[in-house]
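Trainee: Structure, please.
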Amino acid sequence: MVLIELLADLHVNVYFALGTAYFLILSVSNVIWLRLSSRKPKKTDGGLVSVLIPARDEEENIGRCLDSLIGQTYSNYEIIVLDDQSMDRTWEIVTTYERKYPQIVRVHRGKELPESGWTGKAHAMQQLSELAAGEYFLFTDADTIHQHDSVAWAVTNIESHRVDFVSGYLHHELHTFGEKLIVPAMYLMTAFLIPLWLIPSTKRPGLSFAIGQLIMFRRTAFEAIGGYSRVSERISDDIFIVRELKKAGYRAIFLDISNYVRCRMYSGYGESIQGISKNIFDFFKYRPVFFAFALTMLVIFTLLPLYLFLIRLLAIDVQAPATELSVLLFFLSWSVTLYDRGVRWWIPLLYPVLFIHLFYIVWKCFGKVAIGHGIVWKNRSIR
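Mentor: This next block holds a predicted model:
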């Protein structure tokens with residue numbers, strides 16, 4: 001109670017209201033950008049596109065992915081699949097596609113992951129780039145499903161925006177309640193932190209964003225920075241490689257791809273927690289105290305106004321006139337972001353539970369970094 005009264009006396013609730021007003025402005029402007037900036041796929045021919053797919057234990061997904069990529073409206077493309085030391089039927093499945101579509105599909109077995117210096121996905125992506133002949137490198141995950149014009153969309157947008165790198169939000173399928181609860185955490189960056197419309201117009205590496213489910217490079221830019229060797233030890237290789245591109249003076253853009261590619265990122269609650277954890281863990285490896293503090297403050301910033309609001313509803317005499325406004329503005333900003341991403345109407349209401357989970361994940365990752373432990377993803381230990 002003393003803490004609540006102190007916050008009210010210091011008018012901290014007013015700062016909460018101002019901060020959440022900024023969140024609303026940012027989320028609305030990002031939604032407008034996503035709605036208006038994507039160009040419709042018009043390019044049906046041009047430079048060779050190498051569609052590059054790393055696949056590790058993807059027997060449940062790789063067939064659907066390849067089926068969706070066969071018969072694209074863009075005529076000049078190749079598909080290269082790298083089986084990254086899979087322990088299931090992935091190799092058996094991809095070789096059937098190579099036999100059926102020898103003119104367009106090539107498959108390769110990946111090399112053993114070095115004991116140090118590389119994460120699994122970055123190692124696979126680098127190998128794929130060395131096998132590719134294209135003018136453009138289009139990396140996509142094995143669990144994505146493409147419309148027939150997704151390659152044309154990528155070429156159209158990299159050319160029409162005159163950039164060297166394109167990524168964006170796919171349509172993310174959320175099948176279980178656990179996925180609906182946890183996976184929306186991936187939208188935090190664009191809801192509260194990054195103005196997407198500034199990414200192509202500024203050279204600042206920190207103002208960049210990417211999601212590795214679909215990213216396209218111009219080959220010249222990719223090779224100029226040394227490819228994935230520049231981010232060989234990063235788990236969030238997608239975010240850090242676009243930063244390297246911008247450091248080198250190249251231009252990037254982040255768009256809406258949801259009409260052209262879809263994906264189910266994680267299967268269920270446990271895998272969703274593990275997947276979000278691996279990306280947070282990557283940031284913590286390098287600046288653990290900073291990220292623990294920053295993400296904890298974000299959680300407090302989002303949950304404390306709600307707590308104050310509930311206290312007022314219980315008729316406890318606390319003078320915090322801006323508290324209701326803070327809760328409303330935050331809820332609106334989060335709802336706008338999730339509505340744009342096509343999630344069900346009731347999912348924004350779960351935000352207190354999501355942020356409590358985020359708080360748990362943050363400090364769990366901080367603890368693992370502090371004691372030198374790693375996490376396991378795709379049957380590989382990441383430290």
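Trainee: When you work out contacts or count neighbours from here on, use the C-alpha atoms and nothing else.
Mentor: Fine.
Trainee: and the residue nearest in space to the middle of the chain, what is it in contact with?
Mentor: Among the residues of the chain, the smallest C-alpha distance to the mean C-alpha position (CA atoms, centre = their mean) belongs to residue 211, namely 3.7 Å. Residue 211 makes contacts with 167-169, 238-239, as judged by CA atoms under 8 Å, 6 or more residues apart in numbering.
Trainee: what do you get for residue 204?
Mentor: For residue 204, the contact set (CA under 8 Å, 6+ apart) comprises 246-247.
Trainee: quick one: it from residue 250, how far?
Mentor: Using CA to CA, to the nearest Å, residue 204 is found at 11 Å from residue 250.
Trainee: Kindly report the same for residue 231.
Mentor: Distance, residue 231 to residue 250, by CA to CA: 16 Å.
Trainee: and the one helix or strand residue 357 maps to, what does it pack onto?
Mentor: Applying DSSP states H and E as the criterion places residue 357 in helix 351-370. Taking 3 or more CA pairs under 8 Å, 6 or more residues apart in numbering; DSSP states H and E as the contact definition, the neighbouring helices and strands of helix 351-370 are helix 177-182, helix 268-286, helix 288-313.
Trainee: Rounded mean pLDDT for that helix, please.
Mentor: Averaging pLDDT along helix 351-370 yields 76.
Trainee: and that helix, C-alpha only, in PDB?
Mentor: The C-alpha coordinates for helix 351-370 follow below in PDB (Å, rounded to 0.1, in the frame of the first residue of the first chain):
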ATOM      1  CA  TYR A 351      -1.900 -10.000 -22.200                       C
ATOM      2  CA  PRO A 352      -1.300 -10.000 -18.400                       C
ATOM      3  CA  VAL A 353      -0.700 -13.800 -18.600                       C
ATOM      4  CA  LEU A 354       1.600 -13.400 -21.600                       C
ATOM      5  CA  PHE A 355       3.700 -10.700 -19.800                       C
ATOM      6  CA  ILE A 356       3.900 -12.800 -16.600                       C
ATOM      7  CA  HIS A 357       5.300 -15.600 -18.800                       C
ATOM      8  CA  LEU A 358       7.700 -13.200 -20.400                       C
ATOM      9  CA  PHE A 359       9.000 -12.100 -17.000                       C
ATOM     10  CA  TYR A 360       9.500 -15.800 -16.100                       C
ATOM     11  CA  ILE A 361      11.300 -16.500 -19.400                       C
ATOM     12  CA  VAL A 362      13.600 -13.400 -19.000                       C
ATOM     13  CA  TRP A 363      14.800 -14.400 -15.600                       C
ATOM     14  CA  LYS A 364      15.100 -18.000 -16.500                       C
ATOM     15  CA  CYS A 365      17.400 -17.100 -19.400                       C
ATOM     16  CA  PHE A 366      19.300 -14.700 -17.300                       C
ATOM     17  CA  GLY A 367      19.900 -17.500 -14.700                       C
ATOM     18  CA  LYS A 368      21.100 -19.900 -17.400                       C
ATOM     19  CA  VAL A 369      23.600 -17.400 -18.800                       C
ATOM     20  CA  ALA A 370      24.800 -16.500 -15.300                       C
END
